[in-house]
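>>> Quick one: sequence plus predicted model below, questions after.
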Amino acid sequence: MRQISGVYFLAALSAALVGHCASRLHAADQRPMVEQTGYGLQIGTETDIVHSLDSGSVVGQVVVEKVSGPDAWPHKHIGAVVVEDVHAHIRPDQFTKFLSESLGGHSRSDGAMYLVNAMGQVAQQRTLNHMMLNELTIPALSGASKDAVFLQIGLSVESSNLIKGGSFNGAKAGTRTKTAMANSFALTIPGLPTNRVQSIEPVTMRHKTTTNAVGELRDYEKQPTTWELSNIVFYVAANDAQAFLDWHEDFVMKGNNSNDKEKTLTLELKAPDLTTTLLTFNASGVGIVSAKYTTPSAAGSDAIMRLRVEVYAEKMTLDPGKTSATAQPTNNTDTKPDARGTMRRGLDTPQRIRGR
C-alpha cells in the first residue's frame with residue numbers, strides 16, 4: 001500500500017512540474033509580444049517607433065437644436081467633425097527635418113500612427129492628413145538627472161481615417177536606440193559664463209492655428225498664425241552670477257534694451273557619448289528678464305546657492321547635430337567643464353557677490 005501511494009505521489013509531482021514548466025514557457029512566449037508592443041509614427045517619409053503616442057481620434061461635435069412646440073426636449077445631431085491633436089514623445093534625433101521646417105515657416109505633411117508589435121505587425125493604423133506642428137516642448141534638463149530626454153510634440157491634423165492591419169516600415173518595437181540624457185546638454189550665450197549652468201526649466205513653443213469651415217460646415221481647414229515661445233529659465237553657479245547681474249542692471253534697470261542690445265542663445269542636446277550633438281536650438285532676440293538668488297530647494301536637491309536667470313527670446317530655430325562654440329567664463333576660478341558641459345560639484349561653491 002505504501003509503495004502504491006509512493007508511485008501515485010511521484011506521478012502527481014511529475015504532472016505538477018510539467019504543468020508549471022509549460023505555463024512558464026507559455027508566459028515567456030507571450031511576454032515579448034506584450035512588453036515590446038510599441039507606437040509608430042510617420043511624418044512625411046520618416047517612420048519610426050516613438051516613446052509615447054496618443055489621441056488623433058475623429059470626434060463629432062454635438063449640435064443642440066432649438067426647442068419648438070410642446071416638446072421640451074431639444075433634438076441633437078452631429079455637426080462639424082474634428083480630429084483631436086496628436087501628442088507624442090520623441091527622441092531628439094527623430095523627425096528633425098519636419099521640426100526644423102515647422103519652426104522656420106509653415107510646414108504641412110501627411111503621415112500615420114501605428115500600433116505595432118515586436119514582429120513589426122500592425123494591429124491598427126490611423127492616417128493623419130495635413131499635419132502641422134502646433135507644440136514643441138524641451139523637457140527640464142539637469143546635471144543631476146539620469147533620465148533620458150524626450151521632446152514633446154503636438155500635431156494638428158485636418159482629417160484622419162482608421163485602417164485595420166497594414167505594414168510598418170520603421171524600426172521594430174523594443175529596439176534599443178541611444179538617446180540624449182537630461183544631464184548631457186550645453187547652453188551658450190556669447191559673452192557670458194554659461195559652462196556651469198546646472199539646470200534648465202522646460203521650454204515650450206506653441207503654434208496658434210485658426211479654423212475655416214469648408215463644405216457643409218462638417219469639415220474644417222486649419223491655418224497657422226503665429227508662434228508663442230515661453231521664457232527660458234536656467235540656474236547658474238554662484239561663481240558666475242556677477243556677469244548676469246551686470247547684464248540685468250544694464251538691460252532692465254538702466255533701460256539699455258534696444259534690439260542691438262539683445263543676444264543669442266544656443267542649447268545643445270548631447271548623445272550618451274557626451275561628444276556628439278544630436279540637436280541644437282538657436283534662440284535670437286534674447287533679453288534678460290530677471291536674475292535672483294534661489295534657495296537650495298528651488299535650484300535642485302543639493303545645498304548650493306545658485307542664480308535663477310530668466311530670459312525672453314523672440315524666435316527659435318532648430319539644427320540637427322549642429323555644434324556651437326562654448327563661451328568662456330569670466331572669473332578666475334578653475335572652470336574646466338566635465339564631459340556633460342557642467343562643472344564638477346566640488347568646484348561649484350557659493351561665493352559672496354554684490355547684490356543688485
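Received, thanks.

>>> okay, which residue is most central for this structure?
With the centre of the chain defined as its mean C-alpha position, the nearest residue by C-alpha atoms, centre = their mean is residue 151, 1.7 Å away.

>>> What residues are bridge-paired with that one?
Counting by DSSP bridges, residue 151 is bridged to residue 90.

>>> how near is it to residue 202?
Residue 151 is 11 Å from residue 202, where distance means C-beta to C-beta, to the nearest Å. (C-beta placed from N, C-alpha, C; glycine too.)

>>> shared neighbours, these two?
When contacts are counted by C-beta atoms under 8 Å, 6 or more residues apart in numbering, residue 151 and residue 202 are jointly contacted by 137-139.

>>> quick one: which of the residues you listed is nearest to residue 208?
The nearest member of the shared contacts of residue 151 and residue 202 to residue 208, counting by C-beta to C-beta, is residue 137 at 15.7 Å.

>>> ok so that closest one is a strand residue?
Yes - according to DSSP: H, G, I helix; E, B strand; the rest coil, the state of residue 137 is that of a strand.

>>> So for residue 110, what's the nearest residue that isn't a sequence neighbour?
With C-beta to C-beta, 6 or more residues apart in numbering as the criterion, residue 110 has its nearest non-adjacent residue at 5.3 Å, and that residue is residue 129.

>>> same question, residue 62
Once flanking residues are discounted, residue 62 sits nearest to residue 76: 5.5 Å by C-beta to C-beta, 6+ apart.

>>> Per-residue pLDDT of that neighbour, please?
Reading off the per-residue confidence, residue 76 sits at a pLDDT of 90.

>>> Mind listing the residues bridging to residue 263?
The partner list for residue 263 in beta bridges (DSSP bridges) reads residue 286.

>>> quick revisit: counting neighbours, what do you get for the residue nearest to residue 110?
Burial of residue 129 is recorded as 15 neighbouring residues (other C-beta atoms under 10 Å).

>>> Now do stretch 311-325, average pLDDT.
Mean per-residue pLDDT for stretch 311-325: 80.

>>> Tell me which residues of stretch 149-164 come out buried.
Buried positions in stretch 149-164, judged by neighbour count with 16 or more other C-beta atoms under 10 Å: 149-160.

>>> Would you state the helices of the protein in chain order?
Per DSSP state H, the chain carries helices over the ranges 2-35, 96-104, 241-248, 296-299.

>>> And the residue nearest to residue 294 when sequence neighbours are not counted, how close does it get to residue 80?
Excluding the flanking residues, the one nearest residue 294 by C-beta to C-beta, 6+ apart is residue 308, at 4.7 Å. Using C-beta to C-beta, one gets 45 Å for the distance from residue 308 to residue 80.

>>> what's the pLDDT at residue 257?
The model reports residue 257 with a pLDDT of 96.

>>> Please work out how many residues are found near the nearest residue to it once chain neighbours are set aside.
Leaving aside its chain neighbours, residue 257 sits nearest to residue 251 (4.9 Å; criterion: C-beta to C-beta, 6+ apart). Residues near residue 251, counting by other C-beta under 10 Å, number 20.

>>> Do I have it right that residue 251 meets residue 289?
No - the pair formed by residue 251 and residue 289 falls short of the contact definition of C-beta atoms under 8 Å, at 9.1 Å.

>>> what residues are up against the closest residue to residue 124 other than its chain neighbours?
Beyond its immediate neighbours in the sequence, the residue positioned closest to residue 124 (C-beta to C-beta, 6+ apart) is residue 115, lying 4.4 Å away. Under the criterion of C-beta under 8 Å, 6+ apart, the contact list for residue 115 reads 37, 39-40, 122-125.

>>> With residue 135 instead?
Residues in contact with residue 135 (C-beta under 8 Å, 6+ apart) are 85, 152-154, 204-207.

>>> Also residue 136?
Taking C-beta under 8 Å, 6+ apart as the definition of contact, the neighbours of residue 136 are 99, 102-103, 151-154, 204-205.

>>> on that earlier part again, who wins for most neighbours among the shared contacts of residue 151 and residue 202?
In terms of neighbour count, residue 138 stands highest of the shared contacts of residue 151 and residue 202 at 23 neighbours, by other C-beta under 10 Å.

>>> just checking, that residue touches residue 280?
No - Residue 138 is not in contact with residue 280 according to C-beta under 8 Å; the separation is 11.5 Å.

>>> Please name the bridge partners of the residue nearest to residue 290 when sequence neighbours are not counted.
In this structure, residue 290 finds its nearest non-sequential neighbour in residue 310, 4.7 Å apart by C-beta to C-beta, 6+ apart. Partner residues in beta bridges with residue 310, using DSSP bridges, are residue 233, residue 290.

>>> Contacts only, for residue 310.
The contact partners of residue 310, taken as C-beta under 8 Å, 6+ apart, are 231-233, 288-291.

>>> Tabulate the residues you listed in CSV, adding columns for distance to residue 111.
Compiled in CSV, the contacts of residue 310 are given as follows (distance: C-beta to C-beta, whole Å):
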residue, distance to residue 111
231, 32
232, 30
233, 33
288, 40
289, 37
290, 41
291, 43
